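Peer 1: pasting the sequence and the predicted model now:
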Amino acid sequence: MTSLCRRTVLLAPLGYLVACSTARWYRPPPSKDGVVRVPLVELEPDGFVQVELGHDAFLLQREPNGDLSAVTLTCSHQGCAVSKRRDELVCPCHGSRFDLHGAVLNGPATEPLTRYRVVVDGTTALVYRERA
Ligand code: FES
């Protein structure tokens with residue numbers, strides 16, 4: 001079972017509709033300080049990894065200038081799980097689409113997806129899950 005299928009199975013009983021995505025998933029070990037640590041080797045060659053946190057998730061991505069950014073994969077409309085589709089984030093519940101930085105491309109969502117601050121520490125990305 002791929003990690004995507006595992007996520008679908010885990011979230012389905014909670015009412016989440018999870019569309020299949022081609023992006024890789026990473027599940028970090030639990031964190032005591034709330035900071036999510038993602039080894040940089042987890043980024044795919046195209047610079048993306050979806051990070052699973054139990055019933056939440058975010059997309060970590062490498063920007064063209066080499067910086068890293070992170071955006072939640074929880075829809076700002078009613079909280080469904082969005083997933084990466086090529087160069088967009090798509091919500092399967094009501095069809096909202098977002099760019100890869102969380103800006104709304106079309107609704108019904110009207111608010112952007114929450115972005116998180118990312119700091120690189122050696123070979124690890126530290127993701128602070130308060131708003132960037
Ligand atoms: S919950 Fe995502 S569009 Fe409604």
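Peer 2: Nice, thanks for sending it over.

Peer 1: any idea where the strands of this protein begin and end?
Peer 2: Taking DSSP state E to define them, one finds strands in the chain at 25-26, 35-39, 48-53, 56-62, 68-72, 83-85, 88-90, 97-99, 104-106, 115-121, 124-131.

Peer 1: residues from the protein in reach of the ligand?
Peer 2: Counting by CB under 6 Å from any ligand atom, the positions of the chain adjacent to the ligand are 75, 77-80, 91, 93-96, 108-109. (C-beta placed from N, C-alpha, C; glycine too.)

Peer 1: just the buried residues of these.
Peer 2: Neighbour counting with 16 or more other CB atoms under 10 Å marks 75, 77, 80, 91, 93, 96, 109 as buried within these.

Peer 1: for the record, mean pLDDT for stretch 80-93?
Peer 2: For stretch 80-93, mean pLDDT is 92.

Peer 1: got the CA coordinates for that stretch in PDB?
Peer 2: Only the C-alpha atoms of stretch 80-93 are listed here, as PDB (Å, rounded to 0.1, in the frame of the first residue of the first chain):
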ATOM      1  CA  CYS A  80     -11.200  18.900   3.300                       C
ATOM      2  CA  ALA A  81      -7.800  17.600   2.300                       C
ATOM      3  CA  VAL A  82      -6.500  19.100  -0.800                       C
ATOM      4  CA  SER A  83      -3.800  17.500  -3.000                       C
ATOM      5  CA  LYS A  84      -1.200  18.500  -5.500                       C
ATOM      6  CA  ARG A  85      -2.100  18.200  -9.100                       C
ATOM      7  CA  ARG A  86       0.700  19.300 -11.400                       C
ATOM      8  CA  ASP A  87       1.000  23.000 -10.500                       C
ATOM      9  CA  GLU A  88      -2.200  23.400  -8.500                       C
ATOM     10  CA  LEU A  89      -3.700  22.200  -5.200                       C
ATOM     11  CA  VAL A  90      -7.200  20.800  -5.700                       C
ATOM     12  CA  CYS A  91      -9.900  20.200  -3.200                       C
ATOM     13  CA  PRO A  92     -12.100  17.200  -4.100                       C
ATOM     14  CA  CYS A  93     -15.000  18.300  -1.900                       C
END
